[in-house]
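[1] I'll drop the sequence and a predicted model, then ask my questions.
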Amino acid sequence: MSVTRRINYANVTATLALFFAMTGGALAAKHYLINSTKQINPKVLKALHGRTGKTGPQGPAGPHGPAGAQGTVGPTGPAGTFSTALSPGQTIRGTYNTGGTAAAPVALANTSISFLSLFSAAPTVRIVPEGGVPPAECPGTVALPQAKPGFLCIYEEERTNTDGLKLNTTLRTGATIFIFAKAAGTFYSVGTWAATAS
């Protein structure tokens with residue numbers, strides 16, 4: 001038994017409606033496809049973004065990187081100088097300590113007295129031995145050493161196994177002093193000093 005479909009107005013209308021519905025949807029989909037944020041209203045785009053979350057905890061420190069290459073050597077600085085010269089009548093003070101252990105008599109020990117300032121001329125040295133009477137140029141004591149202008153006064157406070165302090169040389173920047181051991185064993189000399197600029 002064969003079925004013959006009859007073409008009528010209803011069939012044609014339904015077919016056309018289906019065709020336009022399908023093609024129209026495809027056209028609409030193609031026309032309204034969003035492929036850029038510029039196609040979205042800024043207000044709507046702002047609403048799509050969520051709130052910024054809380055800052056997470058800081059992660060552990062990373063390993064130290066390798067040491068960098070050594071830099072180039074800088075230029076040589078200016079030559080150092082002593083502090084400014086002392087004013088006339090200005091006094092500086094300090095202490096000294098020299099000695100050692102002698103294996104035999106006549107062993108030598110020396111030390112330096114540094115002014116850390118520049119005198120206009122090398123001062124004249126006066127040594128006040130342990131228990132000695134200070135000369136007029138050194139009107140002080142071991143506890144409070146004094147010196148007249150142009151003099152370096154060295155006050156020996158204590159000595160052991162030595163004949164006492166002796167002067168080696170004196171300069172505008174300081175002096176060197178020494179002692180000899182009288183016998184084998186420990187020997188030393190300690191005391192204070194004062195120098196006054198002329």
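    Arrived safely, thanks for sending.
[2] For Val133, give me its contacts.
    For Val133, no contacting residues are found, by C-beta atoms under 8 Å, 6 or more residues apart in numbering. Placement of C-beta: from N, CA and C, glycine included.
[3] so where does it fall, helix or strand?
    Under DSSP states H and E, no helix or strand contains Val133.
[4] go on, the one 4 residues further on?
    Assigned by DSSP H and E, Glu137 belongs to no helix or strand.
[5] is it true that it touches Lys148?
    Yes - between Glu137 and Lys148 a contact is recorded at 4.7 Å, counting by C-beta atoms under 8 Å.
[6] Quick one: the helices in this protein, in order.
    Applying DSSP state H to the chain gives helices spanning 9-31, 42-48.
[7] least reliable of these going by mean pLDDT?
    Set side by side, the helices of the chain differ in mean pLDDT, and helix 9-31 is lowest with a mean of 54.
[8] What are the buried residues along stretch 166-184?
    The neighbour-count check on stretch 166-184 (16 or more other C-beta atoms under 10 Å) flags Thr170, Gly174, Ala175, Ile177, Ile179, Phe180, Ala181 as buried.
[9] The closest residue to Gly94 other than its chain neighbours: what's it in contact with?
    Spatially, and ignoring its direct neighbours in sequence, Gly94 is nearest to Trp193 (5.6 Å; C-beta to C-beta, 6 or more residues apart in numbering). With contact set as C-beta under 8 Å, 6+ apart, Trp193 has these partners: Arg93, Gly94, Thr95, Tyr96, Ile113, Pro145, Leu152, Cys153, Ile154, Tyr155.
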